[in-house]
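>>> starting from these lines, generate the structure:
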Amino acid sequence: MDGPRPHRTRAPARTAAVALALLVALVVAGPARPAAAHATLQDTSPAGDVRVEEVPAEVTLTFDEPVTATTGSVQVIDPSGGRVDGGTESRAGGRTVAVAVDGDAVGTYTVAFRVVSDDGHTITGSFVFDVQTSTGAADVDQSIPLLTSAVGGVGRWLSYAGPIVAVGAALLLVVVRRGAGVGGAGRLLGRLVAGGAVAGALGAALAVLAQVALTTGRPVTGAVGLVAEVAADSRPVGVALVRAGVLALGALVALLALVSRRREAGLVAAGAVVAAGGLLAPVAGHPWTADGRALAVTADGAHLLAASVWLGLLAALAAAAARLPDPVAAVRAVSRAALVTSLVLLVTGTASAWLLLGSVEALLRTASGQLVIAKVVGFGVLVSLGWVNRSRLVPLLGRAVGVQGASTERAPALVAAGGGSPSLPDDGGPGEDDEGAAEPGPVPTGRGALARLLQVVRVELVVGALVLVATAALVNQPPGRDVLEQPFTTTQTVDGATMLFEVEPARAGTNAMHLYVTDETGNPAPVDALEVAVGREGVPERKLPVEQISPDHAVVYGASFPTPGTWAVDVTTVRVGVPRQFRFEVPIR
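Residues are numbered from 1 along each chain as shown. Below you'll find the model as predicted:
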């Protein structure tokens, strides 16, 4: 009678293991390249591509929001490839970063920067300026190492999944203590609380380590000694470190509770500490910088707490249901909690998504919007599976246990098996292998009904884990509302000359165009004359005034695109009497 049971549990376990392996791969692959961040560079001194007569005493970078820069965050490289930057200084409330320059060589200076925005994103970029003459920019590698991406991605996932398991197991302890008690599930639930808390603390610490590595440009192995320095200078890194500390405290409380006489009370307290640590996540991320900060942080915190209750209870139930004295009561309590938290998730998720994206366009056209769509799809699947459990399998379980309880003249929940280990009434009789129990027909046994319900719960957990992957990737993306403000940038090569063409902000109205020309080797290529004309279907082409900033860089200020749509920009350059024609298709929002 007990023979089929291992088969029923191992197949879903294997499926979950494969799914989790894919999750790790997705998380690792997701953040492999730097994303456009929340804060953007607005101005520099000297300006990019400008020619000056002498080396400036300092270089300044001004952003539209406060940023954090540590020693070495801004590098100034002279024409020979040597570093000539000194200490950094923050000004204007963190919006301006100044770095001293100690150089005297004539030629091209390259400025490469790596700073942290107020929502925790790392911003990288570079520009050049020339002293008297151009000698070519230095090659600065600002790519993110695969190990850093892997550590950050896995750390973020663990920092969400671990607390969810810990909080859910602690809540299930509270639920069952009010009923028939914990029974043989107490130790298992205790291990889930402690294991989830430890995993969450470890994940949060790994995420902080990866963030410090990104901020300083160091490898993960070399960033350990810089954690305290960066956390002291960077608000988001500091909050993330505090979050890791709170989760570690929760793990310590849980581990001590396992060997305490008041184990259950200690485990519940540990779950509360872990929940508090999880609520610090919105303070370190996008909600803190959103319009309407209080609403954004509150909505995101409530969203995380509701997800912890729903998915955490499901995880605890899947692990411990067979050992509970009254699993039917536990299943019904979890089902009620899932219904309430799904409504909370719907409301708070909608509010958070709107504050993150701000428009349907951002939902459809940005990476953060696509991840929100993925979360919505996952939420829909979870709600559907929950409906199957609540409307069909939970009532079926109640009927099955009731029928068997009446036939055996025992309590309608569990029959103690040998050695005092509680279990449902065993499978047996004609209904043992009936796979159509949810349809009209013979009522299945209590154990069979519970097994079918838990199979659906395990599928819910796999879907929930996938949703957490989307969440871990989403917090590493810039808000969609800001991505749409990024300029349109493209390049085109004609007869060996390459033009980098940029339109900012690429929205209907007044825009600025920047045009840069380089030769086949990537060095600046001067032009003698440059002409720009714009038009679109039904709109006559018109010429725009061009201001030449340097021989290889021109700007069009006040370029008007009166309506959204695709506009054609024709650029003609002349060098030593030889013309080149470039044509760009520019999407204007």
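>>> nearest spatial neighbour of residue 169, skipping sequence neighbours?
Across the structure, with C-beta to C-beta, 6 or more residues apart in numbering as the measure, the residue nearest residue 169 apart from its sequence neighbours is residue 192 (3.7 Å). In this view, the C-beta of every residue, glycine as well, is placed from N, C-alpha and C.
>>> downstream of the helix or strand harbouring that neighbour, the next helix or strand is which one?
Using DSSP states H and E, residue 192 sits in helix 186-216. Scanning the chain past helix 186-216 towards its C-terminal end, the next helix or strand to appear is helix 227-233 (assignment: DSSP H and E).
>>> show the contacting residues for residue 263.
By C-beta atoms under 8 Å, 6 or more residues apart in numbering, the residues touching residue 263 are 186, 190, 257.
>>> ok, the second one touching residue 256?
No: using C-beta atoms under 8 Å, residue 190 and residue 256 do not qualify as a contacting pair, with a distance of 11.2 Å.
>>> of these two, who's got more company?
residue 190 (24 against 15; other C-beta atoms under 10 Å).
>>> how close does the more buried one get to residue 457?
20 Å (C-beta to C-beta, to the nearest Å).
>>> do residue 529 as well
Residue 529 sits 71 Å away from residue 457, going by C-beta to C-beta.
>>> now swap in residue 304 and tell me
Taking C-beta to C-beta as the measure, residue 304 and residue 457 are separated by 21 Å.
>>> neighbours of the spatially closest residue to residue 357 that is not a sequence neighbour, how many?
Residue nearest to residue 357 in three dimensions, not counting chain neighbours: residue 480, with 4.1 Å by C-beta to C-beta, 6+ apart. Taking other C-beta under 10 Å as the criterion, the count of residues near residue 480 is 25.
>>> helices of the stretch 1-150 of the chain, residue ranges please.
4-29, 146-177 (DSSP state H, counting those that start in this stretch).
>>> so which bits of the last one are buried?
What it means is helix 146-177. Within helix 146-177, the residues that qualify as buried by neighbour count (16 or more other C-beta atoms under 10 Å) are 148-173, 175-176.
>>> relative orientation of that helix and helix 186-216 in degrees?
Relative orientation of helix 146-177 and helix 186-216, computed by axes from the mean of the first three to the mean of the last three C-alpha atoms, to 10 degrees: 150 degrees.
>>> tell me the pLDDT at the nearest residue to residue 161 once chain neighbours are set aside?
Nearest in space to residue 161, with sequence neighbours left out and distances taken as C-beta to C-beta, 6+ apart, is residue 468 at 5.5 Å. Residue 468 is assigned 87 on the pLDDT scale.
>>> got it, and the one 4 residues further on?
In this model, residue 472 is scored at 82, pLDDT.
>>> which stretches of this protein aren't confidently modelled?
Regions of the chain meeting the criterion pLDDT under 70 cover residues 1-38, 142, 179-183, 400-446, 484-485.
>>> tell me the domain boundaries of it?
Dividing the chain into domains by automatic domain parsing, as the record does, gives the ranges 4-33+146-482, 41-131, 487-588.
>>> reformat those domains as TSV; add distance to residue 139.
Shown next, in TSV, are the domains of the chain (distance: least, C-beta to C-beta, whole Å):
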stretch	distance to residue 139
domain 4-33+146-482	15
domain 41-131	9
domain 487-588	9
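>>> and of those domains, who's closest to residue 140?
Residue 140 lies closest to domain 41-131 among those, at 4.2 Å (C-beta to C-beta).
>>> element containing residue 311, please.
helix 293-320.
>>> got the buried residues for that helix?
Within helix 293-320, the residues scored as buried using 16+ other C-beta under 10 Å are 296-320.
>>> tilt between that helix and helix 186-216?
Per the same axes, to 10 degrees, the angle that helix 293-320 makes with helix 186-216 is 140 degrees.
>>> elements contacting helix 293-320?
helix 146-177, helix 186-216, helix 263-278, helix 281-284, helix 286-289, helix 327-357, helix 446-474 (3 or more C-beta pairs under 8 Å, 6 or more residues apart in numbering; DSSP states H and E).
>>> mind listing what the residue nearest the centre of the chain touches?
The C-alpha lying nearest the average C-alpha coordinate of the chain belongs to residue 475 (C-alpha atoms, centre = their mean; 2.4 Å). Residues counted as contacts of residue 475 (C-beta under 8 Å, 6+ apart) are 156, 281, 285, 286.
>>> mind checking how far it is from residue 129?
Residue 475 is 36 Å from residue 129, where distance means C-beta to C-beta.
>>> got it, and residue 483?
Using C-beta to C-beta, residue 483 is found at 28 Å from residue 129.
>>> which one's more surrounded, the two?
Comparing residue 483 with residue 129 by neighbour count (other C-beta under 10 Å), the higher total belongs to residue 129, at 23 against 20.
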